[in-house]
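Chemist: just need the structure, nothing else, for what follows:
(one chain, ligands or ions: 1)
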Amino acid sequence: MTLSNRYIIGFSEILALRITCTKCKGSLSVSIDRTSHIPERCQMCQDNQLFQSNGAEHNAVLALMDRLVTLRDSKLTTYQIAFEVDQDGS
Ligand SMILES: [Zn+2]
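Modeler: A predicted model of the protein is given here:
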């Protein structure tokens, strides 16, 4: 039997998305409220292209952030919805 610990994360708890450069392992947090922009290049090493402006992944991240804000700010009265994630990320 395999046991795993899981976390339940409500939308009101989500503050930002963490973007980690696979080249230098530097990371930054981008608020889901889009108060800062998503960098096209890693701001730590300046050597790794992270996103292409208006590329599919860039637009998907922006859409995800907008939808998270919509769900966070909605007035759900008949149900609650949350992420369920493994503690160890597997
Ligand atoms: Zn980097």
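Chemist: hey, what's the residue nearest the centre of the chain bridged with?
Modeler: Most central in the chain under Cα atoms, centre = their mean is residue 17, positioned 2.9 Å from the mean C-alpha point. Counting by DSSP bridges, residue 17 is bridged to residue 30.
Chemist: could you report the distance from it to residue 31?
Modeler: Computed as Cβ to Cβ, to the nearest Å, the residue 17 to residue 31 distance reads 8 Å. Where you see a C-beta, it was placed from the backbone N, CA and C, and this is true even at glycine.
Chemist: look up the pLDDT of the residue nearest to the centre of the chain for me, please.
Modeler: Looking at residue 17, its pLDDT is 93.
Chemist: I'd guessed it sits against residue 33; true?
Modeler: No: applying Cβ atoms under 8 Å, one finds residue 17 not in contact with residue 33, separated by 11.1 Å.
Chemist: find residues that contact each of these two.
Modeler: Residues touching both residue 17 and residue 33 (Cβ atoms under 8 Å, 6 or more residues apart in numbering): residue 65.
Chemist: residue contacts, the residue nearest to the centre of the chain?
Modeler: 29, 30, 32, 61, 64, 65.
Chemist: quick one, phi/psi of the closest residue in space to the fourth one that isn't next to it in sequence?
Modeler: On the basis of Cβ to Cβ, 6 or more residues apart in numbering, the spatially nearest residue to residue 61 that is not a chain neighbour turns out to be residue 38, at 6.1 Å. Backbone dihedrals for residue 38, given as degrees, to the nearest 10, come out at phi -90, psi 120.
Chemist: give the contact list for residue 38.
Modeler: So residue 38 contacts 19, 30, 50, 51, 58, 61, 62 (Cβ under 8 Å, 6+ apart).
Chemist: how close does the second one get to the ion?
Modeler: Separation of residue 30 from the ion (Cβ to the ion, to the nearest Å): 15 Å.
Chemist: again with the third one
Modeler: To the ion, residue 50 is 8 Å away according to Cβ to the ion.
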